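Enquirer: build the 3D model from these lines:
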Amino acid sequence: MSSHENDNESWKRDFPIKKQDASLISRRDFAKFLTFISGGLMLGSGVIAAEALLFPHKTSDAEHFVCKPEDIPVGGTRSFVIQGSSIPYLMIHLENGSFHAYEQKCTHLSCAVFYAKGTGKIACPCHEGFFNAETGAVLAGPPPRALPKLEVLTKADGLYVREFRKA
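Expert: Prediction:
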């Protein structure tokens, strides 16, 4: 017997599992596994939905300073985060002189959106979604709803934002 054959026999003694038996899973075991995973996903979705219904998002009346109007050129943008939050927002200075602020995450798959200067559109590069820069409404692509918008307040000392009040 050669040394190679001897090594092969040694391995078989250490791991006495037939390859065929190791890779076979019964249909019943596979169905149980899929049922368990599906049930877990369904339960998790139910918990998230119940949390959203029982504990709705609280709106804040607080005003948050973003910048001075001259800090954003016409057709330009400024990204910002409100203190105490981790949500990225985008302040846009449109060509008509108005300021608008939106959540900077697409409502489709949360890709970062950007203002396409001179078009009046906010674009999502991931799946070619487009939003109206004045209203946040969906213009094209897969996004299911408008971008969440903040109210922009122009004061003597700068631009402030706050969440829209729900009526």
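
Enquirer: from what I see, Lys121 and Leu139 are in contact.
Expert: Yes. Using Cβ atoms under 8 Å, Lys121 is in contact with Leu139, at 6.3 Å. Every C-beta, even on glycine, is put in place using the N, C-alpha and C of the backbone.

Enquirer: quick check: neighbours shared by the two?
Expert: 130-132 (Cβ atoms under 8 Å, 6 or more residues apart in numbering).

Enquirer: quick one: buried ones out of these?
Expert: 130-131 (16 or more other Cβ atoms under 10 Å).

Enquirer: what is the nearest of the shared contacts of Lys121 and Leu139 to Val113?
Expert: Checking the shared contacts of Lys121 and Leu139 against Val113 with Cβ to Cβ, the nearest one is Phe131 at 7.0 Å.

Enquirer: helix/strand/coil for that closest one?
Expert: Applying DSSP: H, G, I helix; E, B strand; the rest coil to Phe131 yields a three-state assignment of strand.

Enquirer: so what pLDDT did it get?
Expert: For Phe131, the pLDDT comes out at 94.

Enquirer: with Pro56 instead?
Expert: 70.

Enquirer: run a quick neighbour tally on it.
Expert: Neighbours of Pro56 under the rule other Cβ atoms under 10 Å: 9.

Enquirer: where does this protein dip in pLDDT?
Expert: 1-8, 11, 14-23, 57-61, 164-167 (pLDDT under 70).

Enquirer: if you set the cut-off to 50 instead, what comes out?
Expert: Counting by pLDDT under 50, the chain shows low-confidence ranges at 167.

Enquirer: kind regards, and thank you for your time.
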